[in-house]
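Visitor: heads up, no residue letters with this:
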């Protein structure tokens, strides 16, 4: 929560925060300003003091919507900071101390600012943090009701788009070689489906700032393959549809995956799907408040390992088939945030009240053209109940309206 | 051009480049990889050597589309770099030297990586650069025919969307108080228009990664105000429509502005528009190959100053009315890149062959509810001809189809 920031600063022995970059598509800056058309801004917050936002004068009114104190500048604020750090830090009586630096922006510029600060303010130390465990990852970890409501709403948008894609695919004509056809009689490609998805997300007023995955066959077996636009849409192949839209302007994300097979499934694919679904159900049945997230990842590794799949717990090094990722992650203004379920994550990655997490077990066999993942996002409510933030059915085989297996 | 990178490295005395972050919405990484679904990657390029791309193993196939040598890793590549910089830099025999750092990503993580490198590799210096003059801003400055073709194409998308907005607005019914009405008889708001613009850009397969401006009245007088969603669309007010879509995935931008007044214009607004259009025309008539871009900004300041407007050349400090910005900027994978037209820009910001620039004079009087800007993007062709990359008419007053001034 925002109210935790001062305590987190004290814990980390930080005298001030320096947040850099645009207000949108930049989680720490968005978190503190609420977004808006503000570019390459500088936010300085001293311990126990309110934040001050420096912006180009042209953007002063947009910046004032944040409710923060705004200082308009003649040039971009990051440029001004690089040119006169002593003057700007001096306005905060910040001529020495440890300053935590945050934001998603031009890293070359930040190293440039750092070197200018070294020259003018040798007693100021700019402090970086591991991206997975930074102060803001802790501050943002627990979501309040208003944040959960925003994620629920984008979850609704997500499942509406997914349903529209399902409706579109299952309504297609099918050629003799089991290829789906468009209205004009030409084969439907993955690229065509990608275009529809982009359009339908946009129609809902949402964005896909981190892309999305709609992949079939071999590509479905490579968890982060977005899908090859030229692949033809065919019956009886696994389709991984992983979609994570965000509110327009770089706001809150939802994260969701279904795996489909159109018309029919091969026995091998069906078995793989059932295995993943069983593990998903087992996690959801067992998941409990205040337990370390990685305990459930271990449960999944144990289950899949017992069935003979490779997992990060029974294999060393890079693995490319079996269970190749971890169970889930926090989601909010970042598509990946705390808590983590990775085996090497620290013990404080627990399912405490307020966290929003994904649960997304999967199994991948790219050489066999097979991939399965099932994913929903859950909010751990203040009362300890795990709330699935958007409902959607778990059918694997989607019957085609104009085609029947002989 | 990419072929200039080694020479630029030598000039800057850099032994290697370290490019960090996603392949999309990250200009230096996009420039070197061509985009794709690759996140938090690490690219290392030694002087006179090809680049090597480190990625999470899950993204190896997406990464290989870049044509670069790809090294798959068990975790995210930036995380791995923070944990074992000596090993990774060692693979490049890079145990000492100056390393330029680039990319748009998590700045906290980059300072963290820097501190880990200081511990393990005390003879390696990470070097930052001013965002406006970094190595990549020089490398990307001149566009070849294939890049210009992509910008021309996104320019076509831009003007198609602008024309659709124009068609939509001029077809609306108008209430007695000169408010535009939607089909359902309720007032049309700026927010409604914003939604249409987002949708129509998306329908063309393009994105608005840096937002856009559609603002009326007072907001039109504040150059970077995006427009207030609750404002009503009315006749006889200046509308600034500044739109800068990019190819999906964070590719090339186009940048374009028109100012409109629906139905009729007040004499004051018409006069302001004519003044800006005259200056725009004068710039275009005089603009010439290999001249410093800021010379034309000075020309505009002189013209506007003569007419009694404030300009950055006749006023000190922050100005909020008159001519409050500079004439234009380079555009490419960044919405703002070299060359710059700012009065304090270095003399090497010249209109050399290959640059793509905006020309966008404007005058702003927010207290009077007036703002005018006219903008097109031009490519300086190899033969020295200035090519406007998308044509669109310059009408100021747009006649309403269902309304006539009495």
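Guide: Arrived safely, thanks for sending. Just so you know, these numbers come straight off a predicted model, no measurement behind them.

Visitor: Give me the domain ranges for chain A.
Guide: Domain assignment for chain A by automatic domain parsing gives A:2-139, A:142-398.

Visitor: got the residues of the stretch 151-300 of chain A near chain B?
Guide: Counting by Cβ under 8 Å from any Cβ of the partner chain, the stretch 151-300 of chain A comes close to chain B at A:195, A:198-199, A:201-203, A:205, A:209-211, A:213, A:219, A:222-226, A:248-249. All C-beta spots, glycine's among them, are computed from the backbone N, C-alpha and C.

Visitor: rerun at 7 Å
Guide: With Cβ under 7 Å from any Cβ of the partner chain as the criterion, the stretch 151-300 of chain A comes near chain B at residues A:195, A:198-199, A:202-203, A:205, A:211, A:222-226, A:248.

Visitor: Settle this for me: residue A:199 is touching residue B:202, isn't it.
Guide: Yes - contact criterion Cβ atoms under 7 Å: residue A:199 and residue B:202 qualify, at 5.6 Å.

Visitor: out of those two, which sits in the more crowded spot?
Guide: Per other Cβ atoms under 10 Å in any protein chain shown, whichever of residue A:199 and residue B:202 has more neighbours is residue B:202, with 23 against 16.

Visitor: Tell me if that one really is in a helix.
Guide: Yes - according to DSSP: H, G, I helix; E, B strand; the rest coil, residue B:202 belongs to a helix.

Visitor: For the residue in the stretch 151-300 of chain A that chain B sits nearest to, which non-adjacent residue is spatially closest?
Guide: With Cβ to the nearest Cβ as the measure, residue A:202 is the residue of the stretch 151-300 of chain A nearest to chain B, at 3.3 Å. Counting by Cβ to Cβ, 6 or more residues apart in numbering or on different chains, residue A:202 lies nearest to residue B:202, which is 3.3 Å off, once chain neighbours are set aside.

Visitor: close enough to count as contact, that neighbour and residue A:200?
Guide: No - the pair residue B:202 and residue A:200 fails to qualify as a contact (Cβ under 7 Å) at a distance of 9.2 Å.

Visitor: Between its first and last residues, how far does stretch A:337-345 reach?
Guide: With Cα to Cα, to the nearest Å as the measure, stretch A:337-345 spans 12 Å from end to end.

Visitor: My error: substitute stretch A:307-326 in the last question.
Guide: 17 Å.

Visitor: centre of the chain versus that stretch, how much separation?
Guide: Using Cα atoms, centre = their mean, to the nearest Å, the mean C-alpha position of stretch A:307-326 is found 22 Å from that of the whole chain.

Visitor: What are the buried residues along it?
Guide: For stretch A:307-326, the neighbour count (16 or more other Cβ atoms under 10 Å in any protein chain shown) marks A:309-312, A:314-315, A:318-326 as buried.

Visitor: Kindly identify which of these also come near chain B.
Guide: Checking the buried residues of stretch A:307-326 against chain B by Cβ under 7 Å from any Cβ, the ones in range are A:318, A:320, A:324-325.

Visitor: min pLDDT across those, which one?
Guide: Among those, residue A:318 has the lowest pLDDT, at 81.

Visitor: My guess is it contacts residue B:56. True?
Guide: No - the criterion here is Cβ under 7 Å, and residue A:318 misses it with residue B:56 at 9.2 Å.

Visitor: Give me the common contacts of the two.
Guide: residue B:73 (Cβ atoms under 7 Å, 6 or more residues apart in numbering or on different chains).

Visitor: OK, contacts around residue A:276?
Guide: So residue A:276 contacts A:361-363, A:372, A:374 (Cβ under 7 Å, 6+ apart).

Visitor: Assign the residue lying closest to it once chain neighbours are set aside to one of the three secondary structure states.
Guide: Nearest non-adjacent residue to residue A:276, counting by Cβ to Cβ, 6+ apart: residue A:372, 4.6 Å away. Classification of residue A:372 using three-state DSSP returns strand.

Visitor: Residue A:372 is in contact with residue A:362, isn't it?
Guide: Yes - counting by Cβ under 7 Å, residue A:372 does reach residue A:362; the two are 5.9 Å apart.

Visitor: Now do stretch A:39-54: distance from first to last residue.
Guide: First-to-last residue span, stretch A:39-54, Cα to Cα: 10 Å.

Visitor: Now that stretch: buried residues?
Guide: Quick answer for stretch A:39-54 (16+ other Cβ under 10 Å): A:39-46, A:51-54.

Visitor: just how off-centre is it within its chain?
Guide: 26 Å.

Visitor: Identify each buried residue in the longest helix along chain A, please.
Guide: The helix spanning the most residues in chain A, taking DSSP state H as the definition, is helix A:145-170. By 16+ other Cβ under 10 Å, the buried positions in helix A:145-170 come out as A:147-148, A:150-155, A:157-162, A:164-166, A:168-170.

Visitor: ok, then the element right after it?
Guide: strand A:173-174 (DSSP states H and E).

Visitor: if we can go back for a sec, wait, which of the contacts of residue A:276 is closest to residue A:233?
Guide: When the contacts of residue A:276 are ranked by distance to residue A:233 (Cβ to Cβ), residue A:372 comes first, at 17.8 Å.

Visitor: quick one, what contacts the closest one?
Guide: For residue A:372, the contact set (Cβ under 7 Å, 6+ apart) comprises A:238, A:259, A:272-273, A:276, A:362-363.

Visitor: try residue A:363
Guide: Counting by Cβ under 7 Å, 6+ apart, residue A:363 makes contact with A:272, A:275-276, A:304, A:309, A:322-323, A:372.

Visitor: Adding pLDDT, secondary structure and distance to residue A:244, write those residues out as TSV.
Guide: Converted to TSV, the contacts of residue A:363 look like this (pLDDT from 0 to 100; DSSP: H, G, I helix; E, B strand; the rest coil; distance: Cβ to Cβ, whole Å):
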residue	pLDDT	secondary structure	distance to residue A:244
A:272	98	helix	23
A:275	98	helix	24
A:276	98	helix	19
A:304	97	helix	24
A:309	97	coil	25
A:322	96	strand	23
A:323	96	coil	20
A:372	98	strand	18
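
Visitor: Secondary structure of residue A:324: a strand, I assume?
Guide: No - Residue A:324 sits outside any strand when classified using three-state DSSP, being coil.

Visitor: what are the ranges of the helices in chain A?
Guide: Under DSSP H, chain A gives helices at A:5-11, A:27-33, A:60-64, A:77-83, A:85-90, A:107-120, A:135-139, A:145-170, A:190-203, A:267-286, A:293-306.

Visitor: Please work out which of the ones you listed is packed deepest.
Guide: helix A:27-33 (a mean of 25; mean count of other Cβ atoms under 10 Å in any protein chain shown).

Visitor: so what secondary structure elements neighbour it?
Guide: strand A:16-21, strand A:41-46, helix A:135-139 (3 or more Cβ pairs under 7 Å, 6 or more residues apart in numbering or on different chains; DSSP states H and E).
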